[in-house]
Each structure stands twice: as C-alpha cells, then as structure tokens.
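>>> take a look and give me a structure for this.
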Amino acid sequence: MTDWTLISFVTFKVLVLGIGMFFAIKWHYDQGTKEKDSAKEKRAVLRAGGKVAIVFVLTLAVLVFVTFIFATKLGLDLNLP
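The predicted model follows:
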C-alpha cells in the first residue's frame, strides 16, 4: 500500500510541476514576443515597487507599535540602559 502511495504522489508532483513549468515558460516567451513600450513599463514597475515598499514600511511600523503596546501591557521593562 505505501509503495503505491509514494509512486502516485511522486507521479502527481512531477505532472503538476511539469505542466506548471510548461505554462510559465510559454507565458514568458509570449511576453517577450509582444511589443512593449519600455518607458511605460519601467514607470509601472517603479510605481508598483514603490507601493510595495510603502506598504512594507507601514506594516512594519504597525507591527512595532503593536509589539510595544503588548509588551508594556505584560509589564516588560523596555527602557534603554
């Protein structure tokens, strides 16, 4: 029973990853053959990267603030030496 389970899982994994790689390569090839306006594309990538960076910094600030509040409620001493 366990031999067939291993064989079927490995076969399924190989099939799924193979199909995924095929479509990933096809998508990238199709993107490379399309005509692009590189200035617009660069601007869009920079804008998206900026948005991701802002969201990351805001999330980090909220996490630090919540951690500080939680630590003070637990009675931890957070004063610098």
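>>> tell me, how many residues neighbour Leu58?
By the measure other CB atoms under 10 Å, the count of residues near Leu58 is 10. Backbone N, C-alpha and C define where each C-beta goes, glycine included.
>>> what score does it have for pLDDT?
As predicted, Leu58 sits at a pLDDT of 97.
>>> all helices for the protein, in order.
2-33, 38-73 (DSSP state H).
>>> and the ones you listed, which one is worst for confidence?
Among the helices of the chain, helix 2-33 scores lowest, with a mean of 88.
>>> show me what it is packed against.
Packing contacts for helix 2-33, counted by 3 or more CB pairs under 8 Å, 6 or more residues apart in numbering; DSSP states H and E, involve no helix or strand.
>>> tell me the domain boundaries of the protein?
For the chain, the structural domains run 1-34, 35-81, going by automatic domain parsing.
>>> nearest to Asn79, out of the helices of the chain?
Among the helices of the chain, the nearest to Asn79 by CB to CB is helix 38-73 (10.8 Å).
>>> and the pLDDT at Asp37?
71.
>>> tell me how many other residues surround it.
When neighbours are defined as other CB under 10 Å, Asp37 has 9 of them.
>>> Thr11 too?
Residues within reach of Thr11, counting by other CB under 10 Å, total 10.
>>> how near is it to Lys34?
For Thr11, the distance to Lys34 equals 35 Å [CB to CB, to the nearest Å].
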